[in-house]
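Novice: attaching a predicted model along with its sequence, questions to come.
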Amino acid sequence: MRHRAQLIELNRRYLARFGFPFIICARLNSRDAIFGNLRARLTNSRDQELQNALTQVGQIARLRLLDILAEP
């Protein structure tokens, strides 16, 4: 439960700082990496985070497309 409370608080801070939710490709990151990225990215500028978010959306879309193409 400790991790859940931490994640909620970090997400709240991220949303308040940048105005959009934290986005990360969970399939490519461990729990520790997700928490580490969230903490580190809180120090970025809004422009840096917009770029990071777009990069992450691209990774998520790529993996989903590959999943669809691999289906029989």
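Specialist: All right, it came through fine.

Novice: in this structure, where's the longest helix?
Specialist: As assigned by DSSP state H, the longest helix anywhere in the chain is helix 46-70.

Novice: of all the residues in that one, which ones are buried?
Specialist: 49, 52, 53, 56, 59, 60 (16 or more other Cβ atoms under 10 Å). The C-beta positions use only the backbone N, C-alpha and C, and glycine is treated the same way.

Novice: and the average pLDDT for stretch 16-32 is what?
Specialist: For stretch 16-32, mean pLDDT rounds to 97.

Novice: can you tell me the SS state at the spatially most central residue of the chain?
Specialist: Centroid check for the chain by Cα atoms, centre = their mean gives residue 24 as the closest residue, at 2.1 Å. Assigned with DSSP: H, G, I helix; E, B strand; the rest coil, residue 24 falls in the coil class.

Novice: that one and residue 38 touch, don't they?
Specialist: Yes - counting by Cβ atoms under 8 Å, residue 24 touches residue 38, with 7.4 Å between them.

Novice: give me the contact list for stretch 62-72.
Specialist: Stretch 62-72 is touched from outside by 25, 27, 28, with contacts defined as Cβ atoms under 8 Å, 6 or more residues apart in numbering.

Novice: grab the nearest non-local neighbour of the last one.
Specialist: Translated: residue 28. Using Cβ to Cβ, 6 or more residues apart in numbering and skipping the chain neighbours, the partner closest in space to residue 28 is residue 59 (6.4 Å).

Novice: tell me how far the one you found lies from residue 25.
Specialist: Distance from residue 59 to residue 25, counting by Cβ to Cβ, to the nearest Å: 4 Å.

Novice: reformat the buried residues of helix 46-70 as TSV; add pLDDT.
Specialist: Shown next, in TSV, are the buried residues of helix 46-70 (pLDDT from 0 to 100):
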residue	pLDDT
49	97
52	98
53	97
56	98
59	98
60	98
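
Novice: element containing residue 39?
Specialist: Taking DSSP states H and E as the criterion, residue 39 maps to helix 31-41.
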